[in-house]
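Chemist: how would this look folded up:
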Amino acid sequence: GVGYDYGLTGSALLCRHGVVDLSGKDAARATYEAVFSVSPLDRFHDDKADILEQEGLIGAGADAELSFLLPASGPPPDDLITFLRLLCIKGSDAFLLESIFRSEVWGFMQQPVSAANEGTMLDTLEGLCEGALEAYTTAAAQDLAVVADAAAPRRARLAAAVKLSERQVLRNTLDWVGDHRTRVDSLEYYQERRLKGLKLDRPVEESEIVDPDQPIRGDVPWLT
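Modeler: Next up, the predicted model:
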């Protein structure tokens, strides 16, 4: 749903207070509640749930499910992108879920992990938005007409206004996904950052080249 004040979505405002902006003036402050969860069928479910619990995002034994408010303009919340990267960890990236990284993994997820993971993250967010848009039983043009019709029932006008604002938020998020997708191949990922941290992303110096046919020199400390 869509929101304007008090941290509530528009549908929540409508249900609790019977209030929704019909003028469109508050459209820029609209939000949509997006809910994501780690599937019980995910082979890494327990690791991911443990990480979320360690970060204080879920309670002990609670479902690994979180909700986020998507904005009507600008990028999605950073915590949502971080969570989705964790949610989408699989395959060759799964080593990051090992217990040795447990205290660092949430920080790792705050930056791109791999091109495959980033792509899956975007697919997941895109799927939620497209699914929500397809679920509407009325077209945007119909909702616009209802909102503009002062003779229409007030409940119908309020509901139409909520749907219009939701669509704006969802389309804004899809625009962000499309823009970010164009940059996936140029982002810096975990492996590159790791190599830089170890200073292994530079050319090998001649003094560091070891000839396997030569005996180890005692005057080179790192070879003894």
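Chemist: Name the helix or strand for Leu70, please.
Modeler: strand 65-71 (DSSP states H and E).
Chemist: Leaving out chain neighbours, which residue sits closest to Gln191?
Modeler: Spatial nearest neighbour of Gln191, excluding adjacent residues (C-beta to C-beta, 6 or more residues apart in numbering): Ser114 at 7.3 Å. Just so you know, the C-beta spots here come from the backbone N, C-alpha and C atoms, and that holds for glycine as well.
Chemist: Relative to the strand holding Leu70, what are the paired strands and their orientations?
Modeler: strand 31-37 (antiparallel) (DSSP bridges).
Chemist: shaky segments in the protein?
Modeler: 1-27, 199-224 (pLDDT under 70).
Chemist: Which parts of it are helices?
Modeler: For the chain, the helices defined by DSSP state H occupy 10-17, 45-54, 78-87, 105-109, 115-135, 140-148, 154-181, 190-197.
Chemist: so of those, which one's packed in deepest?
Modeler: Of the helices of the chain, the one with the most neighbours on average (mean count of other C-beta atoms under 10 Å) is helix 78-87, at a mean of 21.
Chemist: Pull the contacting residues for the residue nearest the centre of the chain.
Modeler: Central residue of the chain (C-alpha atoms, centre = their mean): Ile81, 2.3 Å from the mean position. Each residue near Ile81 by C-beta atoms under 8 Å, 6 or more residues apart in numbering is listed here: 75, 121.
Chemist: could you redo the last one with a cut-off of 7 Å?
Modeler: Residues near Ile81 by C-beta atoms under 7 Å, 6 or more residues apart in numbering: Met121.
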